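Chemist: Give the three-dimensional model of this entry:
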Amino acid sequence: MDNTKFFKIVILVLLLINIATLTFMWSTSQRPQNLQPRPPDVGEFLTQKLQLTEAQQKQFEALKQAHHEKVETLRENNKKLHNDFFDLLKQPNIDTTTINMAADAIMMNQKAIEMATFYHFEEVRSICTPDQQKMFDEVIKEALRMMSPPPPGPPHGGPPPH
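Modeler: Now for the predicted structure:
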């Protein structure tokens, strides 16, 4: 085999390898990487399970919006209260009464979040028919589990905690 034919075959093989590599890289870059699973939508879950009518769905959306706004305000306050609480570490000789008052403020804010959520679902239940209320009573704990944050995973680069 002469050198020219050999080099043409080598160039053709290298060209095919480059095309295959680029195709592979392009196809894998189109797929989302490290996606967290989408948290289930509690509103959709309840709408389906309770088989809410269109009118009920509108009421439910209004209740959800009001609840979201109230809880978002409380969560912002929670961040501030936690920042203030840990800012107490900067004070020399801080007294226990001040620490307890700051911790109590965090607890009261968390209580307000829990109460807002309870009354929200009480209102949702009130827009349901008696049959829907029975179903609501069966699925509410599942809906609440869907709302809670996922458990923390293992730290990056280390084994899971024991």
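
Chemist: Pull out the buried residues from the top helix by length along the chain.
Modeler: Ordering each helix of the chain by length in residues (DSSP state H) puts helix 54-87 first. Neighbour-count burial for helix 54-87 flags Gln56, Gln59, Phe60, Leu63, His67, Lys70, Val71, Leu74, Asn78, Leu81, Phe85 (criterion: 16 or more other CB atoms under 10 Å). All C-beta spots, glycine's among them, are computed from the backbone N, C-alpha and C.

Chemist: same question for the helix or strand hosting Thr97, mean pLDDT?
Modeler: Secondary structure here is read from DSSP states H and E; on that basis Thr97 sits in helix 96-126. Computed over helix 96-126, the mean pLDDT rounds to 95.

Chemist: and that helix, what other elements does it pack with?
Modeler: The helices and strands touching helix 96-126, judged by 3 or more CB pairs under 8 Å, 6 or more residues apart in numbering; DSSP states H and E, are helix 54-87, helix 130-147.

Chemist: Mean pLDDT added to those, as TSV?
Modeler: Putting these into TSV (pLDDT from 0 to 100) gives the following:
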stretch	mean pLDDT
helix 54-87	95
helix 130-147	91
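
Chemist: picking that back up, the inter-axis angle of the longest helix of the chain versus helix 130-147?
Modeler: Compare the direction of helix 54-87 with that of helix 130-147 by axes from the mean of the first three to the mean of the last three CA atoms, to 10 degrees and you get 30 degrees.

Chemist: what's the offset of helix 54-87 from the middle of its chain?
Modeler: Relative to its chain's centre, helix 54-87 lies at 14 Å (CA atoms, centre = their mean, to the nearest Å).

Chemist: roughly how far apart are Asp104 and Glu114?
Modeler: In this structure, Asp104 and Glu114 are separated by 15 Å, where distance is defined by CB to CB, to the nearest Å.

Chemist: err, Ala103, not the other one
Modeler: Applying CB to CB to Ala103 and Glu114 gives a distance of 17 Å.
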